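>>> Take a look and give me a structure for this.
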Amino acid sequence: MFLGIVIKIIRHIFLFLFILLFAACANKSYLAKNQDSSGVAKSKDSTGFPTVERSVAGCQPDESAFDCDRRAILSMLGEYQVSFNFYETSILKPGYVRSDPKHSGGFEVVVLAEDTNSRISIQHILVGAGGMKIKHWRQEWVYEMPSHWVYLGNQSFEIQKRKLSSIPGTWTQLVYGVNDGPRYAGSGRWNHRYGVSTWTSERTWRPLPRREYSKRKDYQLLNVENRHTITPQGWTHEQDNTKVKRNNGKDTTLVREFGFNEYRRIDGFDFSPGLDYWKATSPFWELVRKRWNKELNKEGITKLLFETGDEKFSDEVLSLADAYQINPVMNNHLPAFEEIFGKFVSTDASTMH
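Predicted coordinates for the structure are as follows:
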């Protein structure tokens with residue numbers, strides 16, 4: 001028990017230091033990449049890590065749309081320097097004061113967690129100086145998914161069927177957090193016109209992101225359209241966000257926000273700590289994914305029994321992943337995982353949101 005407490009304290013210290021480094025590196029690289037001292041845009045990258053460019057192949061004449069889509073999704077795997085940039089734009093509520101732009105970033109390796117042809121799961125792992133690594137978000141892509149969980153608000157999720165007419169040719173992107181719990185989901189089609197591969201989602205609900213939930217209490221939801229584009233230098237994730245306050249079932253829109261996240265493929269940075277972590281823990285995380293899938297496919301509403309931003313659940317699951325690295329016998333960790341899962345997750349048909 002004492003060892004577990006020590007591990008949690010060390011992880012929080014590492015996480016705090018990593019976030020500081022993450023933000024500092026990103027702000028420097030963002031400014032260096034986009035401006036010189038006079039504010040004039042630069043075309044030459046000055047972050048110290050060369051960009052690795054690759055030609056983006058369009059769909060071949062004899063290639064099916066499905067195979068072309070798969071190729072676009074799988075091209076997101078790789079080693080990247082990442083910048084996260086968010087700007088509040090249109091004010092929608094009288095008296096609202098626009099927040100300052102947010103810029104952060106760091107380094108991520110994106111690895112394949114699972115591929116069953118029509119279902120592709122890819123895992124993001126943050127890597128920092130001194131061998132620090134943090135399991136980050138995961139995105140799962142499923143072809144022509146007839147139903148999937150959606151975010152309802154108030155830490156609640158529910159399986160919902162899609163309209164039959166909207167399913168053909170679409171991919172559903174399911175996004176999961178650090179503990180592999182659900183975050184948000186949306187469906188859309190890949191567009192490969194002009195040799196550029198872009199996927200655009202329907203509008204979907206999602207909870208507050210990490211950049212906000214420790215600082216903002218004036219809204220509870222984001223209504224979002226996501227767009228992923230494959231580029232010669234990697235890929236980009238654009239977000240059209242609307243911040244929404246929900247009070248007693250009434251929604252009030254506050255402001256729109258534009259998000260631009262760039263994954264720039266680089267050379268010269270050591271991503272091996274992240275790759276080593278995934279190699280050592282992937283069997284454990286496979287079990288976690290299966291447990292979540294079982295829970296999320298039940299009838300009724302799945303409720304997370306903690307407030308948005310509470311890290312206790314993630315801490316305990318990550319501690320089990322650390323223990324698995326020391327003693328990689330799954331049966332030794334199953335009872336502890338089920339106990340943790342039962343404390344923080346509940347599925348109840350009578351749960352209201």
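
>>> On the three-state scheme, Phe66 is what?
Per DSSP: H, G, I helix; E, B strand; the rest coil, the secondary structure class of Phe66 is helix.

>>> Let me know the pLDDT of it.
Looking at Phe66, its pLDDT is 97.

>>> who's Thr172 bridged to?
Here Thr172 sits in beta bridges with Val142, Ser187, going by DSSP bridges.

>>> dump the residue contacts of it.
Shown in contact with Thr172 (CB atoms under 8 Å, 6 or more residues apart in numbering): Trp141, Val142, Met145, His148, Ala185, Gly186, Ser187. Placement of C-beta: from N, CA and C, glycine included.

>>> would CSV of these with distance to Phe86 and pLDDT be doable?
Compiled in CSV, the contacts of Thr172 are given as follows (distance: CB to CB, whole Å; pLDDT from 0 to 100):
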residue, distance to Phe86, pLDDT
Trp141, 24, 98
Val142, 27, 98
Met145, 28, 98
His148, 26, 97
Ala185, 21, 98
Gly186, 18, 98
Ser187, 24, 98
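
>>> Just the helices from the stretch 201-350 of the chain, written as ranges.
For the stretch 201-350 of the chain, helices defined by DSSP state H, counting those that start in this stretch occupy the ranges 210-213, 272-296, 312-326, 334-344.

>>> of all those, which lies closest to Ile122?
With CB to CB, the closest approach to Ile122 among the helices of the stretch 201-350 of the chain belongs to helix 272-296: 11.1 Å.

>>> Who are the packing partners of that closest one?
Applying 3 or more CB pairs under 8 Å, 6 or more residues apart in numbering; DSSP states H and E, we find helix 272-296 packed against strand 102-115, strand 119-127, strand 133-143, helix 312-326, helix 334-344.

>>> how big is the angle separating that helix from strand 119-127?
With axes from the mean of the first three to the mean of the last three CA atoms, to 10 degrees as the basis, helix 272-296 and strand 119-127 are set at 140 degrees to each other.

>>> my read: Ser214 touches Glu307, true?
No - Ser214 lies out of contact with Glu307 (CB atoms under 8 Å); the separation is 11.1 Å.

>>> Turn the contacts of Thr172 into JSON lines, including distance to Thr51 and neighbour count.
Formatted as JSON lines, those follow (distance: CB to CB, whole Å; neighbours: other CB atoms under 10 Å):
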{"residue": "Trp141", "distance to Thr51": "25", "neighbour count": "24"}
{"residue": "Val142", "distance to Thr51": "31", "neighbour count": "19"}
{"residue": "Met145", "distance to Thr51": "34", "neighbour count": "19"}
{"residue": "His148", "distance to Thr51": "35", "neighbour count": "21"}
{"residue": "Ala185", "distance to Thr51": "32", "neighbour count": "25"}
{"residue": "Gly186", "distance to Thr51": "29", "neighbour count": "24"}
{"residue": "Ser187", "distance to Thr51": "32", "neighbour count": "20"}
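
>>> Give me the neighbour count for Val111.
A count of nearby residues for Val111, using other CB atoms under 10 Å, gives 21.

>>> Now do the same contact list for it.
In this structure, Val111 makes contact with Leu77, Ile122, Gln123, Ile125, Gly274, Leu275, Trp278, judged by CB under 8 Å, 6+ apart.

>>> let's go with 7 Å and repeat that
Val111 makes contacts with Leu77, Ile122, Gln123, Ile125, Trp278, as judged by CB atoms under 7 Å, 6 or more residues apart in numbering.

>>> thinking again about what came up before, out of the helices and strands packed on helix 272-296, which is closest to Gln239?
strand 102-115 (12.2 Å).

>>> Just the buried residues of the closest one, please?
Lys102, His103, Ser104, Gly105, Gly106, Phe107, Glu108, Val109, Val110, Val111, Ala113 (16 or more other CB atoms under 10 Å).

>>> With stretch 193-206 instead?
In terms of neighbour count (16+ other CB under 10 Å), stretch 193-206 has its buried residues at Ser197, Thr198, Trp199, Thr200, Ser201, Thr204, Trp205, Arg206.

>>> Likewise for stretch 326-338?
Residues of stretch 326-338 classed as buried by neighbour count (16+ other CB under 10 Å): His333, Phe337.

>>> Just the endpoints, please. Distance across that stretch?
End-to-end distance of stretch 326-338 (CA to CA, to the nearest Å): 19 Å.

>>> who touches that stretch?
Contacts with stretch 326-338, where a contact means CB under 7 Å, 6+ apart, come from Pro283, Leu287, Leu320, Ala323, Tyr324.

>>> who wins for most neighbours among the residues you listed?
Highest neighbour count within the contacts of stretch 326-338: Tyr324, with 21 neighbours (other CB under 10 Å).

>>> ok now do it, which residues does it touch?
Thr281, Phe284, His333.

>>> how near is the spatially most central residue of the chain to Val329?
The residue lying closest to the centre of the chain (CA atoms, centre = their mean) is Trp137, at 3.7 Å. For Trp137, the distance to Val329 equals 28 Å [CB to CB, to the nearest Å].

>>> about what we covered before: save the contacts of Tyr324 as a markdown table, and put in distance to Arg193 too.
Converted to a markdown table, the contacts of Tyr324 look like this (distance: CB to CB, whole Å):
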| residue | distance to Arg193 |
| --- | --- |
| Thr281 | 40 |
| Phe284 | 41 |
| His333 | 48 |
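
>>> State the pLDDT value of the residue nearest to the centre of the chain.
Trp137 is given a pLDDT of 96.
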